[in-house]
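Novice: can you look at this prediction? I've put the sequence above it.
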Amino acid sequence: MNVDYILSITKPMLEGAQMTVLLFLIAILLSIPLGFLITLLAKSSNKALAWLAHTYVYVMRGTPLLLQLLFICFGLPLLPVVGDYLVMDRFVAACVGFVLNYAAYFAEIFRGGLLSIDKGQYEAAQVLGFSKWQTTNKIIMPQMFRVALPAVANESITLVKDTALLYAVAVPELLHFAQTAVNRDFTIVPFFIAGIIYLLMTLLLTLFFKWLEKRFKFE
């Protein structure tokens, strides 16, 4: 196995990794705020909204992400009447599936963060004359994110690895090119290279969250 061969198979896998990174960025940037919104809805005094939020989290966390991706990609277009309007590009459909799925997990993480905050914080803010918005924005949210950050970091690393599910809906990403090389050349070297690329991505993400923890003195 020479260096030229390794370089020849690494190049397309790095191109596939670009799709992996793009999906990760889209999913993380959209699912975190959506997850926080779902957390707020779950705590709403409106019982119907709270029930919908809890049901959403239960369904998305209780069914496999792969099943959700297959349903969005191949199931939605089969729905009567509206199916024709729900046909999406495979990558777009995958992004929708990842965002909806991970929003449910982040919602639970943020809910745990909120539950960790002592009720005295709310009472003290009320005594000091803070409005609900000021209390949430200036007192509760900073503490919630401080508690939730380690779990958010862990879930983000899981997201990087789950991007390999793009392979199941025929989106050419890192694993797709690795599998193609294995089938063509009858060698497992591409799998090792793919593993190294995934490890590098998770390492960079881990270092980023470690920096965040130190930057904001979460440790």
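Specialist: Sure, I can see it.
Novice: so where's this structure shaky on pLDDT?
Specialist: 1, 217-219 (pLDDT under 70).
Novice: taking the chain centroid, which residue in it is the extreme one?
Specialist: Val127 (38.2 Å; CA atoms, centre = their mean).
Novice: give me the contacts around stretch 111-131.
Specialist: Here stretch 111-131 makes contact (CB atoms under 8 Å, 6 or more residues apart in numbering) with 39, 42-43, 134-135, 138-140, 143-148, 151. In short, each C-beta sits where N, CA and C put it, glycine included.
Novice: which of those residues are buried?
Specialist: The neighbour count (16 or more other CB atoms under 10 Å) marks 39, 42, 135, 139-140, 144-148, 151 as buried among the contacts of stretch 111-131.
Novice: could I get the buried residue list for stretch 96-116?
Specialist: Neighbour-count burial for stretch 96-116 [16+ other CB under 10 Å]: 96-111, 113-114.
Novice: could you export that stretch as CSV, CA atoms only?
Specialist: This file holds the C-alpha atoms of stretch 96-116, laid out as CSV (Å, rounded to 0.1, in the frame of the first residue of the first chain):
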residue,chain,number,x,y,z
VAL,A,96,-34.7,18.6,8.2
GLY,A,97,-34.5,15.2,9.9
PHE,A,98,-31.3,16.0,11.8
VAL,A,99,-32.6,19.4,13.0
LEU,A,100,-36.0,18.0,14.2
ASN,A,101,-34.3,15.0,15.9
TYR,A,102,-31.6,16.9,17.7
ALA,A,103,-33.9,19.7,18.7
ALA,A,104,-35.7,17.2,20.9
TYR,A,105,-32.5,16.1,22.6
PHE,A,106,-31.3,19.7,23.1
ALA,A,107,-34.8,20.5,24.6
GLU,A,108,-34.3,17.8,27.2
ILE,A,109,-30.8,19.1,27.9
PHE,A,110,-32.0,22.6,28.4
ARG,A,111,-34.9,21.4,30.5
GLY,A,112,-32.4,19.7,32.8
GLY,A,113,-30.5,23.0,33.0
LEU,A,114,-33.5,24.9,34.0
LEU,A,115,-34.5,22.3,36.7
SER,A,116,-31.0,22.8,38.2
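Novice: on that earlier part again, narrow the contacts of stretch 111-131 to those in helices?
Specialist: Among the contacts of stretch 111-131, the ones falling in helices (DSSP state H) are 39, 42, 134, 143-148, 151.
Novice: distance to Gly62 for those residues - can I get that in JSON lines?
Specialist: Formatted as JSON lines, those follow (distance: CB to CB, whole Å):
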{"residue": "Thr39", "distance to Gly62": "18"}
{"residue": "Ala42", "distance to Gly62": "16"}
{"residue": "Gln134", "distance to Gly62": "36"}
{"residue": "Gln143", "distance to Gly62": "29"}
{"residue": "Met144", "distance to Gly62": "24"}
{"residue": "Phe145", "distance to Gly62": "26"}
{"residue": "Arg146", "distance to Gly62": "29"}
{"residue": "Val147", "distance to Gly62": "25"}
{"residue": "Ala148", "distance to Gly62": "21"}
{"residue": "Ala151", "distance to Gly62": "19"}
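Novice: show me which of those residues is closest to Ile197.
Specialist: Using CB to CB, Ala151 comes nearest to Ile197 of the ones in helices among the contacts of stretch 111-131, at 25.2 Å.
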